[in-house]
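In: model this:
(one chain, ligands or ions: 1)
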Amino acid sequence: MSKRKVAYYYDPDVGAYSYGLGHPMKPHRIRITHDLVTAYGMLDKMHILRPKRATPEVMSSFHTDEYVHFLTNVTPETAEKLTYSGTRFLVGEDNPAFDGVFEFCSISAGGSIGAAQRITSGAADIAINWAGGLHHAKKREASGFCYINDIVLGILELLRTYPRVLYIDIDCHHGDGVEEAFYTTDRVMTCSFHKFGEYFPGTGTQEDKGRGKGKGYAVNVPLKDGITDESFKSVFEPVVSKILEVFQPSAVVLQCGADSLAGDKLGCFNITMHGHASCVQFLRKQHVPLILLGGGGYTVKNVARTWTYETACALGVEGEIDPNLPWNEYFEWFGPRYRLEVPCNNMEDLNVRDGSLDIVRENALEQLSRLKGPPSVQMQDVPRESLAHHLGLGLGKENERPKDELDEELARHMRYVYNLQDSGDTTSEESSSAESDHSWDSDEDGSLASSSSNPRWKRQGSPSNSNSNRVNGSSRRKESAAAKKRTRMSLLTGRYFDVPDPSSMSIQEESGYDSEHGYGIGPESGALTNGIGGGGGKRRFFMSIPPENGWDSFMGGGGGVDEAVDMRRGVINGYHAGVNGKLPHSSHDFGGLFESVAGDGEADGDDGEEDDEGRMAVD
Ligand SMILES: [Zn+2]
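Out: Next up is the predicted model:
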């Protein structure tokens, strides 16, 4: 296989950040991956680059200033208050305000932006950023363990040079944040393969195809539990081939979320390491510039195995590497087989049983066959300085109007989408643009007004508003009022919770980091406790900071408070190794919860997994 110039972005600090004890998202997996990549001798086969950290200004090309500013203000002193405090930026229980969250995001985003620059400059054919791929982050809030959407920022960078970018997402969860960002443009095609049905984030049906000019340019492939390599390939390859044919992207961004692997703690697919990596291999063969990003992945050692193997695939050396793992700092974690593999298990493939796999494949291909060739973009019309604004993403930042009529229309569509999502949040400018938007609705083919379609700003199956989906001029205001009671699904628990109504919060509360007294909604009365049934709402599943009464009371006994706190400090200071699990069973709650979702899935039969903080998690 021919050689490719590969750039690999890695910041040695990234593994030191922690979402908190017991939280399933482990930034440390990036470091373990890097150790394996190093142990396999791959570093001297590619350009190793430490990313330039993304600044708040750069992040604001997609996210709101207000939200980015909020993240910069998370400090060890404010972290606890800001976690589950009902701020509008970190809703629900998935996204704690952990120490260093902004720096963590700046590394993740900096790597994806750097990867994009490396591609557009021609210095690399393939660029890798395993710290990226945080596809759920929204313009103005965190979601599903993601805070800053490095993918959107990276794609915006690509669009400065390239007319068309293809985004492909093989994470077990729908790539909602990226899809939403580019939902109304035909310059980015998004294609997500994901589990759908009572599963976070609840979006991603085949009814969701894009809107306005972007109609047809969002492709969704909703899947069911237990999909195997063979089934996955039978839908991935024809759909992606068809996209390459009709869209002719200038570059491809592949989000390699590893929670689609067999045995993932939060996933429900049955894909092996080789099956997952075959997506990388398939795209590498297409001779289109390629960016590989990380994403989800919660069985840490399998994530590391797979991203290591996919790095080898990028280099084209996968045939040469030893399936027996070389010695590395985390070697003992990979027992008892110490192999570079993620085997499948005996789950049933529900996609095959009911024939739904064939149906979703046909639907996707049918959608693509309707596109009339690759859209052309007159690149000279694209203002380099304010590309995000051009796409309608820089909303609220600048007052100057885009000159091109098309741009203006696009920007209006994007505002409209966000208005519907954040209906409490109406400035006069935004509401007037929504009012003037009738022409856009009318050029839809009616599917938007049909009750069978689930508009995107509603979460599927959301209990409180599933019947209020109709959108037309006359019902929009009513819609808006109903949408004030937004609900959102938790990635952790799969349960719905209410999102606080921003219009009922004072300015200080909305940007509560500014004021010591700005946290009017405390953890016990905040969003978390409102919408979750079964008395589970008051449970806090993980913490960035020890709770007031100490870990003991929180953990239900077991001791080791000081050890837990020290451990966390050690993690932050970059101390990882040599601690053998004597900690309180902080992940005990998680264990029970996740077993019911996925089980351990370790075919090699070891019963505990040492997680990235050096503790034995109770599986
Ligand atoms: Zn995921």
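
In: where does the stretch 251-400 of the chain come near the ion, residue by residue?
Out: Applying Cβ under 5 Å from the ion, we find that the stretch 251-400 of the chain lies next to the ion at 257, 259, 296. Using the backbone N, CA and C atoms, a C-beta is placed for each residue, glycine as well.

In: go again using 8 Å as the cut-off
Out: Selection of the stretch 251-400 of the chain residues close to the ion by Cβ under 8 Å from the ion yields 257, 259, 260, 266, 267, 295, 296, 297.

In: In helices, which of these appear?
Out: Secondary structure defined by DSSP state H assigns none of these to helices.

In: Just give me the closest of these to the ion.
Out: residue 296 (2.6 Å; Cβ to the ion).

In: and the residue of the stretch 351-500 of the chain at minimum distance from the ion, how many neighbours does it have?
Out: The minimum distance from the stretch 351-500 of the chain to the ion, using Cβ to the ion, falls at residue 491 (7.3 Å). For residue 491, the count of nearby residues is 25 (other Cβ atoms under 10 Å).

In: Could you shift the numbering so residue one becomes 776, and keep it that way?
Out: Noted, 776 is the first residue going forward, which turns the last one into residue 1266.

In: correct me, but it touches residue 970?
Out: No - the pair residue 1266 / residue 970 is not scored as a contact, 11.8 Å apart, by Cβ atoms under 8 Å.

In: any residues in contact with both of the two?
Out: Common contact partners of residue 1266 and residue 970 (Cβ atoms under 8 Å, 6 or more residues apart in numbering): residue 948.

In: Which residues of the chain lie near the ion?
Out: 910-911, 919, 946-948, 975, 1032, 1034-1035, 1041-1042, 1070-1072, 1266.

In: try 6 Å this time
Out: With the criterion set to Cβ under 6 Å from the ion, the chain comes near the ion through 946, 947, 948, 1032, 1034, 1070, 1071.

In: quick one, what contacts the fifth one?
Out: Right, residue 1034. Counting by Cβ under 8 Å, 6+ apart, residue 1034 has contacts 946, 947, 948, 1040, 1041, 1042, 1070, 1071, 1072, 1073.

In: please redo it, this time with the cut-off set to 7 Å
Out: Counting by Cβ atoms under 7 Å, 6 or more residues apart in numbering, residue 1034 makes contact with 946, 947, 948, 1041, 1042, 1071, 1072, 1073.

In: so who does the first one touch?
Out: Residues in contact with residue 946, defined by Cβ under 7 Å, 6+ apart, are 910, 969, 1030, 1032, 1034, 1035, 1070, 1071.

In: can you check the last one too?
Out: When the contact criterion is Cβ under 7 Å, 6+ apart, the partners of residue 1073 are 799, 1034, 1039, 1040, 1041.

In: okay, it: pLDDT?
Out: At residue 1073, the pLDDT value in this model is 98.

In: From residue 1039, how far off is it?
Out: As judged by Cβ to Cβ, to the nearest Å, residue 1073 and residue 1039 stand 6 Å apart.

In: what are the phi and psi angles of the residue nearest to residue 1008 when sequence neighbours are not counted?
Out: Leaving aside its sequence neighbours, residue 1008 sits nearest to residue 1053 (Cβ to Cβ, 6 or more residues apart in numbering; 6.2 Å). In terms of degrees, to the nearest 10, the main-chain angles of residue 1053 are phi -70, psi -20.

In: What's the separation between residue 1053 and the ion?
Out: 19 Å (Cβ to the ion, to the nearest Å).

In: show me the contacts for residue 1149.
Out: 939, 1021, 1022, 1023.

In: Kindly supply the ChimeraX command isolating those of the residues you listed that are buried.
Out: Buried members of the contacts of residue 1149, defined by 16 or more other Cβ atoms under 10 Å, are picked up in ChimeraX with:
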select :939,1021,1022
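
In: residue ranges with poor pLDDT in the protein?
Out: 776, 855-863, 866-867, 1153-1261, 1274-1394 (pLDDT under 70).

In: Please enumerate the strands of the stretch 1026-1175 of the chain.
Out: Assigned by DSSP state E, counting those that start in this stretch, the stretch 1026-1175 of the chain shows strands spanning 1026-1030, 1065-1068.

In: Quick check: which of those is buried the most?
Out: strand 1065-1068 (a mean of 28; mean count of other Cβ atoms under 10 Å).

In: partner strands of that strand, parallel or antiparallel?
Out: Partners of strand 1065-1068 in the sheet, by DSSP bridges, are strand 901-904 (parallel), strand 1026-1030 (parallel).

In: Send me that strand as PDB with only the CA atoms.
Out: Output in PDB follows, covering the C-alpha atoms of strand 1065-1068 (Å, rounded to 0.1, in the frame of the first residue of the first chain):
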ATOM      1  CA  LEU A1065      -8.300  12.400   5.700                       C
ATOM      2  CA  ILE A1066      -8.500  13.500   9.300                       C
ATOM      3  CA  LEU A1067      -8.900  10.900  12.000                       C
ATOM      4  CA  LEU A1068     -10.400  12.000  15.300                       C
END
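
In: can you list contacts of it?
Out: Counting by Cβ under 7 Å, 6+ apart, 887, 890-891, 894, 901-904, 907-908, 926, 929, 1026-1031, 1055, 1058-1059, 1085, 1089 sit against strand 1065-1068.

In: Please repeat the previous calculation with a cut-off of 8 Å.
Out: So strand 1065-1068 is in contact with 887, 890-891, 894, 900-905, 907-908, 925-926, 929, 933, 1026-1031, 1055, 1058-1059, 1085, 1089, going by Cβ under 8 Å, 6+ apart.

In: Give the ChimeraX command for selecting the buried subset of the residues you listed.
Out: The buried residues among those can be selected in ChimeraX (16+ other Cβ under 10 Å) with this line:
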select :887,890,891,894,900,901,902,903,904,905,907,908,925,926,929,933,1026,1027,1028,1029,1030,1031,1055,1058,1059,1085,1089
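
In: so how far is the first residue of stretch 811-823 from its last?
Out: Start-to-end span of stretch 811-823 (Cα to Cα, to the nearest Å) is 15 Å.

In: Equivalent analysis for stretch 1097-1116, please.
Out: 11 Å.

In: Can you point out the buried residues in it?
Out: Buried residues in stretch 1097-1116 (16+ other Cβ under 10 Å): 1100, 1103, 1105, 1108, 1109, 1112, 1113, 1114, 1115, 1116.

In: The first one contacts residue 1109, doesn't it?
Out: Yes - taking contact to mean Cβ under 8 Å, the distance of 5.4 Å between residue 1100 and residue 1109 places them in contact.

In: Let's have the contacts of residue 946 in a markdown table, adding distance to residue 1128.
Out: Below are the contacts of residue 946 laid out as a markdown table (distance: Cβ to Cβ, whole Å):
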| residue | distance to residue 1128 |
| --- | --- |
| 910 | 29 |
| 969 | 19 |
| 1030 | 28 |
| 1032 | 24 |
| 1034 | 22 |
| 1035 | 19 |
| 1070 | 27 |
| 1071 | 25 |
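
In: before we move on, the earlier item: in CSV: the strands of the stretch 1026-1175 of the chain, plus distance to residue 828.
Out: Output for those, formatted as CSV (distance: least, Cβ to Cβ, whole Å):
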stretch, distance to residue 828
strand 1026-1030, 20
strand 1065-1068, 17
